[in-house]
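**Student:** coordinates for the following, if possible.
(2 chains)
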Amino acid sequence: MGQVSQGSSGFQLGAAEPHGGAFLAQPPSSRRGSRRSASGVARVVILVVILAFLLVPLVGMIEFSTRGDYGARSLDSYAAIFSYPNMVDGIVTSLEIAALTVLGMLALLVPTMVWTVVRVPRMRRVVEFLCLLPLAFPAIVLVVGIVPIYRWMGQNLGAIGASPLTLALIDIILVLPYSYRAIDSSMRSIDTATLADASRSLGASWPRTILQIIVPNLRGGILSASVLAIALVLGEYTISSLLSFQTLQVVIFLLGKRDPYVSVAVSFGALIFAFVLLFVISRFAPGAVHRGQHTVEEPA
Amino acid sequence: MTARLAGAPSTSRQVGPATGGADSSRSKRLRAYGPLAPFHAYVALFLIFPTVVVAAGAFSQGEGGGLTLDNVSQLLTRTEFVKAFTASIQLAVLTAIAGAVIGALLAWAVVRSNPNGVFRQLVIAGAGVLAQFGGVMLAFAFFATFGPKGLITTFIDSSTGVTLDSSWLYTLNGLAVVYTYFQVPLMLIVFLPSLDGLRQEWYDASASLGGTSWSFWRHVGGPILAPSFLGAVLLLFTNAFSAYATAAAIISQGCSLVTLAISCQMNSEVILGQENVGKALALGMIVVVSLVMAAYALIQRRASRWVK
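**Tutor:** This is a model prediction of the structure:
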């Protein structure tokens, strides 16, 4: 699970030791048995109270979105999602943007990262810095600065330039920090440079080396980078709303005024979807479960 | 497949790290750095260029105009902007501290669990979703729970007959609660690795010298974790300070925070000579975030000294 924690935290604070940690997991001295159980009780109480705080609004969503007539429970709100064409469009649009973002991010990041490791290690810090830089940028600031580009695209690139799918261009920037970290931790777990050397010395071309030798070994990192990107794009509101594109979050917000039940239903569905994605990745993506030990250069 | 020589390129270049010394010829350098060009061009266009637009726009008069300090000086002179910055910073400080304290307690409660166990992974996946992908959806979670027709409101109404006033949710106070709601899981994600990094041996050493649990935290654990904790507080500050989606969903009208003020500027009628006020606000945000991040970098350096 280290991957998601690492990926979604953005910054790694005080790099952790992978296996030396959690002394609290095994309280050492037996003579302090009573203290131990006291702290055990405290742990459970804190856990219950804080998790309750975190879970109550989610329970609220379930309860609210399953209200039927006269106090009955029903899934009508969920069925009604499909009676709002805007909502369906918003979901489809966001999924399309997510797919484009993943493709673009991988095309941009994987060859660049492999190349820096294999050929120009001195550029590694530069690439890392640039990838983490968006974390220091409030999304809304990015929108303010990107407006001229979108205005130009809207005026000069016809239907393509005015399409919401162009949001993928900026979403690629937003997901860079998360995707970079995911792929980077996967690259650290294999000897990328040696693999590339071996492949090259056996006569493979660079594209082939990257696609057939490196990429299969990075699939854990690539998978979690993609999942994080998808989740981020599905949750993105700031940029799409200020550029007036009807993505999932924008439609949820707009519909909330007319039919809050459906908006809550869609929100809950999207949160669960993201949760399942992240959980599955943490569980089953090999190579993604490397706890981040490296400290990261600060993008300030 | 690796052993097949069929696809061998005609020019079998020397592989390995670029020599990168003074002797590298121009074409050699181009071949080494060339493949990095698309990435750098992309970042330049979609990240660096927007920054330049913001910074340059903040000091320009608009269409065809010259340089001016008018936009930037409005940040300090217009009451609404001063109030917006003050409110944003207050909200960020408050929710960063609340989120950090509650989140650190949660991390302490969770740290005993097996790092590769299902429970830990469930908690962290959940925290990741709430901390990063919520935005508008979290606002709706609070509407559904504490709004006029929400779960808690209707439950209390039906069981005690008391109708709660839920208008607090739509104010800055309500926003503070929702912000804390996503700051806590972010703190968990950020702080847990540091807590994991505390070593058994340190506790043993302290105990063998006669230390109590309290003295361990007072003299060993606390000082070691302090930089990580402070760094996390700064990170949470930036997170809340930059947040827009939740604020826009909860406070549907008004420009009472910096992010909301920027969107007001973007959406309102453009008054001649005021086109670039939004950019000045954005620049103000960059300045605040940069200062915090610089402090964070200093603390980070200190934090990594112990927990290696």
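
**Student:** how about low-confidence regions in the stretch 151-300 of chain A?
**Tutor:** In the predicted model of the stretch 151-300 of chain A, residues A:285-300 satisfy pLDDT under 70.

**Student:** what residue is smack in the middle of the chain?
**Tutor:** Using chain A. With distances taken as Cα atoms, centre = their mean, the residue of chain A nearest its centroid is A:Leu228 (2.3 Å).

**Student:** let's do chain B instead
**Tutor:** Note on chain B: the residue nearest the mean C-alpha position is B:Asn239, at 3.1 Å, using Cα atoms, centre = their mean.

**Student:** residue contacts, it?
**Tutor:** Residues near B:Asn239 by Cβ atoms under 8 Å, 6 or more residues apart in numbering or on different chains: B:96, B:182-183, B:186. From N, CA and C alone the C-beta is placed, and that goes for glycine too.

**Student:** helix or strand right after the helix or strand encompassing it?
**Tutor:** Using DSSP states H and E, B:Asn239 falls within helix B:222-242. Remark: after helix B:222-242, the chain's next helix or strand is helix B:245-250, criterion DSSP H and E.

**Student:** phi first, then psi, for A:Tyr84.
**Tutor:** Main-chain torsions, A:Tyr84, degrees, to the nearest 10: phi -110, psi 100.

**Student:** any idea which helix is longest in chain B?
**Tutor:** helix B:79-110 (DSSP state H).

**Student:** who are the packing partners of that one?
**Tutor:** helix A:33-65, helix B:70-77, helix B:172-196, helix B:222-242, helix B:258-267, helix B:277-306 (3 or more Cβ pairs under 8 Å, 6 or more residues apart in numbering or on different chains; DSSP states H and E).

**Student:** ok and it relative to helix B:70-77, angle-wise?
**Tutor:** Counting by axes from the mean of the first three to the mean of the last three Cα atoms, to 10 degrees, helix B:79-110 points 70 degrees away from the direction of helix B:70-77.

**Student:** got the buried residues for the next helix-or-strand element following helix B:79-110?
**Tutor:** Remark: after helix B:79-110, the chain's next helix or strand is helix B:118-132, criterion DSSP H and E. Neighbour-count burial for helix B:118-132, counted by 16 or more other Cβ atoms under 10 Å in any protein chain shown, picks out B:120-132.

**Student:** need the residues you listed in a markdown table (columns: pLDDT and distance to A:Ala72).
**Tutor:** Formatted as a markdown table, these follow (pLDDT from 0 to 100; distance: Cβ to Cβ, whole Å):
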| residue | pLDDT | distance to A:Ala72 |
| --- | --- | --- |
| B:Arg120 | 87 | 38 |
| B:Gln121 | 87 | 36 |
| B:Leu122 | 90 | 31 |
| B:Val123 | 90 | 33 |
| B:Ile124 | 87 | 36 |
| B:Ala125 | 89 | 32 |
| B:Gly126 | 91 | 29 |
| B:Ala127 | 91 | 34 |
| B:Gly128 | 88 | 35 |
| B:Val129 | 90 | 30 |
| B:Leu130 | 91 | 30 |
| B:Ala131 | 88 | 35 |
| B:Gln132 | 82 | 35 |
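
**Student:** so which of those also contact chain A?
**Tutor:** Restricting the buried residues of helix B:118-132 to those touching chain A (Cβ under 8 Å from any Cβ of the partner chain) yields B:120-122, B:124-132.

**Student:** dump these to CSV, plus distance to A:Ile190.
**Tutor:** Conversion of these to CSV gives the following (distance: Cβ to Cβ, whole Å):
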residue, distance to A:Ile190
B:Arg120, 25
B:Gln121, 23
B:Leu122, 28
B:Ile124, 24
B:Ala125, 25
B:Gly126, 30
B:Ala127, 28
B:Gly128, 25
B:Val129, 29
B:Leu130, 32
B:Ala131, 29
B:Gln132, 27
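
**Student:** and the helices and strands packed on helix B:79-110: which comes nearest A:Thr247?
**Tutor:** helix B:258-267 (16.1 Å; Cβ to Cβ).

**Student:** most surrounded residue in the contacts of B:Asn239?
**Tutor:** Neighbour tally across these (other Cβ atoms under 10 Å in any protein chain shown): the maximum, 31 neighbours, falls on B:Gln183.

**Student:** that residue against B:Ala98, yeah?
**Tutor:** Yes - applying Cβ atoms under 8 Å, one finds B:Gln183 in contact with B:Ala98, separated by 7.0 Å.

**Student:** got TSV for the buried residues of helix B:118-132, with distance to A:Val144 too?
**Tutor:** Shown next, in TSV, are the buried residues of helix B:118-132 (distance: Cβ to Cβ, whole Å):
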residue	distance to A:Val144
B:Arg120	39
B:Gln121	38
B:Leu122	38
B:Val123	36
B:Ile124	33
B:Ala125	33
B:Gly126	33
B:Ala127	30
B:Gly128	28
B:Val129	28
B:Leu130	27
B:Ala131	25
B:Gln132	22
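
**Student:** how far off centre is stretch B:93-113?
**Tutor:** 16 Å (Cα atoms, centre = their mean, to the nearest Å).

**Student:** alpha carbons of stretch A:241-261, as CSV, please.
**Tutor:** Taking C-alpha atoms only, stretch A:241-261 is exported to CSV below (Å, rounded to 0.1, in the frame of the first residue of the first chain):
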residue,chain,number,x,y,z
SER,A,241,-15.7,24.3,-14.2
LEU,A,242,-13.6,27.5,-14.7
LEU,A,243,-13.0,26.6,-18.4
SER,A,244,-16.8,25.8,-18.7
PHE,A,245,-16.5,22.1,-19.6
GLN,A,246,-19.2,19.7,-18.5
THR,A,247,-17.2,17.0,-16.8
LEU,A,248,-18.6,14.6,-14.2
GLN,A,249,-17.9,16.9,-11.2
VAL,A,250,-19.3,19.9,-12.9
VAL,A,251,-22.5,18.1,-13.7
ILE,A,252,-22.7,16.7,-10.2
PHE,A,253,-22.5,20.2,-8.9
LEU,A,254,-25.0,21.7,-11.3
LEU,A,255,-27.5,18.8,-10.9
GLY,A,256,-27.2,19.1,-7.1
LYS,A,257,-29.5,22.2,-7.2
ARG,A,258,-32.2,20.4,-9.0
ASP,A,259,-32.0,16.8,-7.9
PRO,A,260,-29.6,16.5,-4.9
TYR,A,261,-30.5,12.8,-4.5
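
**Student:** for chain B, name the helix or strand with the lowest mean pLDDT.
**Tutor:** Least confident helix or strand, chain B: helix B:26-33 with a mean of 79, by mean pLDDT, DSSP states H and E.

**Student:** which other helices and strands does it contact?
**Tutor:** Against helix B:26-33 (3+ Cβ pairs under 8 Å, 6+ apart) you get no helix or strand.

**Student:** would you mind checking which of the contacts of B:Asn239 is nearest to chain A?
**Tutor:** Proximity of the contacts of B:Asn239 to chain A (Cβ to the nearest Cβ) peaks at B:Leu186, which lies at 7.2 Å.

**Student:** who touches the closest one in this structure?
**Tutor:** B:Leu186 is in contact with A:9, B:99, B:103, B:127, B:131-132, B:235-236, B:239, counting by Cβ under 8 Å, 6+ apart.

**Student:** want to throw the residues you listed into TSV with distance to B:Arg31?
**Tutor:** Below are the contacts of B:Leu186 laid out as TSV (distance: Cβ to Cβ, whole Å):
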residue	distance to B:Arg31
A:Ser9	37
B:Gly99	49
B:Gly103	48
B:Ala127	45
B:Ala131	43
B:Gln132	39
B:Leu235	40
B:Leu236	45
B:Asn239	42
